[in-house]
Each structure stands twice: as structure tokens, then as C-alpha cells.
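> this one's structure only:
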């Protein structure tokens, strides 16, 4: 199992699509930072020209509202959190489909136990997606920290999210914003890592690579659409994965329940049923 | 080394692809499977590799029952139908990936193996850029790396030139001398006769001779 896991991880992290995923994330993070820097520069010019009395009072931008996860206003952040399930599928999640389709799986299954192969595939898919989310979000945090001071969030300025007193970990955000940000980055990485394994479950039942690739994303968007129709925003991962908790307050129990539900469904479909099937 | 098939039957949607096959393969021999397309040669190979479950019967490999004591033969190398490898890696890297799963074969042996089948171990081209013949040779190299006790080759000389075929013959002969069981299938009757010590004729999922 260990050897197979090592081989699968090597495949995942040496893959060009892993770098493509990180590259797309980096572009969005840099774009987000650029927009904010332009805005700051424009405001500074106004401040120089007209002075504080005419330009208005201004609480400077901070790391904690410029980091892509905590930015609530700009397009790159919206795009990133919308396409995240698609991005995390890039590194390794389609590899089971490819192994099966090309026949490569036969090379492996005559050398390793089926349980080991399916388990190694599941872990490596999760691990590669988890790592790519961490890399993208920490990259954003790092480049934002290079340009913006880590000013503590000030709720009265109305420029910081979360602002609702019932939001998840809100007290931590205003007392220890860095810890809040790091915890949320890990929540996102775990949840999106698990979302990427949906592709494994879909691979068992379809011959269409597009569906395997986009299945997680479709589910993510459809869930959001249904939850929006029913007004239960807190059930939509698209909403609760955003550390701003802008449109809904995240509920730990809901996040955990959805996580467990996905794990169980994929485990039954992929780890249990698929390994019993004949390989042709 | 032996493989004992007892009443091996595989049905898919009421169609018998393997029909009550009983046979014993012995080490140090090359067995050639002969028969028309769809007669069950590849299915029999898949069954021996443990890739499919049997509807009836059992396969005994050196006293261990497939799907009961073991999920695949302990020491097997196989090329089933078309060779399939990772497109973005060289031949040697591909072999390394597979060898690392069991951790039995060292890099030096992998290089030797590639040379034996007529491939350059230092070739930096990735698998995607290989010709059909080169892909086939890499498939054979993957099947014979580490000199497994059981080698299964389905149409091994497809797309391989005369020099390559000669090398394949030599490799198989070496494995035979080491006591391996070699099971092969080939559409070229003459070549199959030349490669094999024993011909097994299969028709409609049954061994006829």
C-alpha cells in the first residue's frame, strides 16, 4: 500500500495538470492583488490631491480584507471560489478514469492488491487537491502580506467580512485574524480535496471524460442553485467555503455533515463497488 | 511452478466466454493459445491474471487459489491486448513506476530489460512519441522485467519488425530456461508454432485440443 501510494503521489505531483491548477490559481490571486493595488493607488492620489477632508476618512486596506479568500468585492475571488471544484479536479482526479480507459489499470492490478490500488488512488487524489488548494490560498496570503499591512480587522469600517456576530469563528477573526484565516484555508483544502474525489465515484459509472472532470463542479453549482431557491444558503459549499461568510453564516455541523456524506457516497461507489468489478 | 485450471467458466449476460476449461500449465514451457477472434484467448489470460472473477471453477497457482488466497498471481508479468503506459513519461520512467509498486526490480535491471527488447534505455522521448512497434516493445519489457515466474503475452509481436521479433524470441527463451510459464497468443500461426512448446486450441470458450 505504501509503495503504491508513493507511486500514485509521484504521478499526481509530477503531473503537468498539477502545475496548471496552481498556475490558474496564481493568475487569479495576482489579478486580485493588482485590482486592489490599483484601487489603493487611486485613493492615495485622491488623498494627496484633495486631502483627508474632501477624500474622506479612510481605514487602510489590510491583509485581512485583501487576501483572496477574505476579499468580498472583486471578480477574481468570485471566479476562484466558483471554479475551485474544477481546478482541484485537474491534478489527479481524472487519473482513475484514464487508467481504466487506456488499460493502464491492468499493469497495476497484476502487481498490487485491488484494495491497495483503490485506497492509494483515493488518498492521492485527495492529497493532490488538498495540497493545490493550500498552495493557492497560502500564495494569495503571502503576496497580499507583501503589499498590505496585517492591520487588525475593524468591524465599524464595514470593510471586513465576516461581520455577523453569529458567523462561524467570528470572534477568532476579530481577535486572531491570522489564525482564523489559516483555519479557514485548511477547511477549504479539506472540503475541496474531498470534492475532488467525487470524480472517482463518477468514473465508475460513465464513459464521458467531460462528465468525470466537471461532475464535482456541476454538483457544487446545482447545490448552490437549489439552496438559493430554497433560501438555505448555509447548505451551499459555494457559500460556506468562502471565509468571508458574506451571504450566509457557516455552520460547522453542516460542513462536517456534507463532508461525511461525500466521503461515504464515494467510498461505497469507488472503494467498495468498483473494486469488485471485472477489469477488461 | 504450475497453474491448474478447473472447470473455469466465465459468463457475461448469459454468454459463455469461457466454458468449462480445465488445464494445467507447467513451468519451463511456452504455451501458445490459438483460435479465432473472440474465442476466449484474451479472456482466459485475464482470468489467469486475476483481472476477472470466474462464474464457476477455480484457478490454482502453486497451491494458492486465485480470488481466495491471492487476488493476483504472486509473480506475473503481462501484456494484455494493447500496451498502455503513461504518456508523459519515458519508457524507463514508465517501467520505474511499475517496478516501484512491488519494489523488486532495480533500475539497472530495467535498463537491461529495455535493451533486451530493442529499446534504448537512455531515450528521452516520452511514451506519447513512441512508434507502435516501440510501444509494443515497451509492453513486452514491462511484462518480462524482473523475470517473473508467469508471463502472459497477448499478441506480443504486433507491429514489431523482424529484428524485434528475434529479440522477443530470445527473451522468451531465456525466461523458459529459468522455469517460467509463458502463455502467449498470436494470430501468425507460424510464429506461434515457432514460439510455443505446446499449442492450445480454443473455440467458443472451450479448449478443443
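Sure, I can see it. Only a predicted model underlies this, so the values are computations on that prediction, with no experimental measurement involved.

> residue ranges for the helices of chain B, please.
With DSSP state H, the ranges of helices along chain B come out as B:41-49, B:91-102, B:107-116, B:132-144, B:162-177, B:189-195.

> quick one: closest of the ones you listed to residue A:165.
Among the helices of chain B, the nearest to residue A:165 by Cβ to Cβ is helix B:91-102 (53.3 Å). Heads up, the C-betas are built off the backbone N, CA and C, glycines and all.

> re the thing from before, could you save the helices of chain B as CSV and add columns showing mean neighbour count, mean pLDDT and distance to residue A:215?
Listed next are these as CSV, based on neighbours: other Cβ atoms under 10 Å in any protein chain shown; pLDDT from 0 to 100; distance: least, Cβ to Cβ, whole Å:
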stretch, mean neighbour count, mean pLDDT, distance to residue A:215
helix B:41-49, 24, 93, 29
helix B:91-102, 21, 91, 27
helix B:107-116, 17, 91, 37
helix B:132-144, 23, 93, 31
helix B:162-177, 16, 89, 42
helix B:189-195, 15, 85, 45
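
> for residue A:25, which of the ones you listed is the nearest?
helix B:91-102 (27.1 Å).

> pull the distance from the host helix or strand of residue A:78 to the chain's centre.
Applying DSSP states H and E as the criterion places residue A:78 in helix A:75-87. How far helix A:75-87 lies from its chain's middle: 8 Å, per Cα atoms, centre = their mean, to the nearest Å.

> my guess is residue A:153 meets residue A:63, correct?
No - using Cβ atoms under 8 Å, residue A:153 is not in contact with residue A:63, being 9.7 Å away.

> list residues touching both of these two?
residue A:177 (Cβ atoms under 8 Å, 6 or more residues apart in numbering or on different chains).

> how about the residues of chain B by chain A?
B:46, B:49-53, B:71-73, B:76-78, B:80-82, B:84-86, B:88, B:97-98, B:100-103, B:142 (Cβ under 8 Å from any Cβ of the partner chain).

> what is the burial count for residue 12?
Here I'm looking at chain A. 24 (other Cβ atoms under 10 Å in any protein chain shown).

> my question was about chain B, not that one.
13.

> what bridges to it?
Beta-bridge partners for residue B:12, by DSSP bridges, are residue B:15.

> residue A:44 versus that one, what's the distance?
73 Å (Cβ to Cβ, to the nearest Å).

> which single residue of the stretch 1-150 of chain A ends up nearest chain B?
Closest to chain B within the stretch 1-150 of chain A is residue A:103: 3.9 Å, counting by Cβ to the nearest Cβ.

> mind listing what that residue touches?
The contact partners of residue A:103, taken as Cβ under 8 Å, 6+ apart, are B:80, B:81, B:82, B:84.

> 10 Å instead, please
A:279, A:280, B:80, B:81, B:82, B:83, B:84, B:85 (Cβ atoms under 10 Å, 6 or more residues apart in numbering or on different chains).

> try residue A:268
Listed by Cβ under 10 Å, 6+ apart, the contact partners of residue A:268 are A:201, A:274.

> where's residue A:50, which helix or strand?
Residue-wise, residue A:50 maps onto helix A:16-55 under DSSP H and E.

> buried stuff in that helix?
Across helix A:16-55, burial judged by 16 or more other Cβ atoms under 10 Å in any protein chain shown covers A:17-18, A:21-22, A:24-26, A:28-29, A:31-33, A:35-36, A:40.

> quick one: stretch A:74-82 to chain centroid distance?
On Cα atoms, centre = their mean, the centre of stretch A:74-82 falls 11 Å from that of its chain.

> list the buried residues in that stretch.
Neighbour-count burial for stretch A:74-82 flags A:74, A:76, A:77, A:78, A:79, A:80, A:81 (criterion: 16+ other Cβ under 10 Å).

> residues near the nearest residue to residue A:16 once chain neighbours are set aside, how many?
Nearest in space to residue A:16, with sequence neighbours left out and distances taken as Cβ to Cβ, 6 or more residues apart in numbering or on different chains, is residue B:88 at 6.7 Å. Applying other Cβ under 10 Å, we find 15 residues neighbouring residue B:88.

> now swap in residue B:154 and tell me
Residue B:154 has 22 nearby residues by other Cβ under 10 Å.

> pretty sure it sits against residue B:81.
Yes - with contact defined as Cβ atoms under 10 Å, residue B:154 reaches residue B:81; the gap is 5.6 Å.

> where are the low-confidence patches of the stretch 1-150 of chain A?
Applying pLDDT under 70 to the stretch 1-150 of chain A flags residues A:55.

> quick one on the thing from earlier: which neighbours do residue B:154 and residue B:81 have in common?
In contact with both residue B:154 and residue B:81: B:42, B:45, B:46, B:139, using Cβ under 10 Å, 6+ apart.

> where exactly do the helices run in the stretch 101-250 of chain A?
A:104-109, A:114-147, A:170-175, A:177-196, A:198-203, A:209-230, A:237-240 (DSSP state H, counting those that start in this stretch).

> which of those helices is buried the deepest?
The highest average neighbour count among these, using mean count of other Cβ atoms under 10 Å in any protein chain shown, belongs to helix A:198-203 at a mean of 26.

> and chain B, is it touching that?
No - counting by Cβ under 10 Å from any Cβ of the partner chain, chain B has no neighbours in helix A:198-203; the shortest distance is 16.3 Å.

> distance from the chain centre to that helix, please.
The answer for helix A:198-203 is 18 Å, by Cα atoms, centre = their mean.

> now do stretch A:221-233
19 Å.

> likewise for stretch A:120-139?
The chain centre lies 9 Å from the centre of stretch A:120-139; the measure is Cα atoms, centre = their mean.

> do any residues in it lie close to chain B?
Yes - using Cβ under 10 Å from any Cβ, stretch A:120-139 reaches chain B at residue A:120.

> do you know how far residue A:264 is from residue A:148?
From residue A:264 to residue A:148 the distance is 41 Å (Cβ to Cβ).

> what does chain A put close to chain B?
A:2-4, A:6-8, A:10-11, A:14-17, A:95, A:98-99, A:101-117, A:120, A:275-280.
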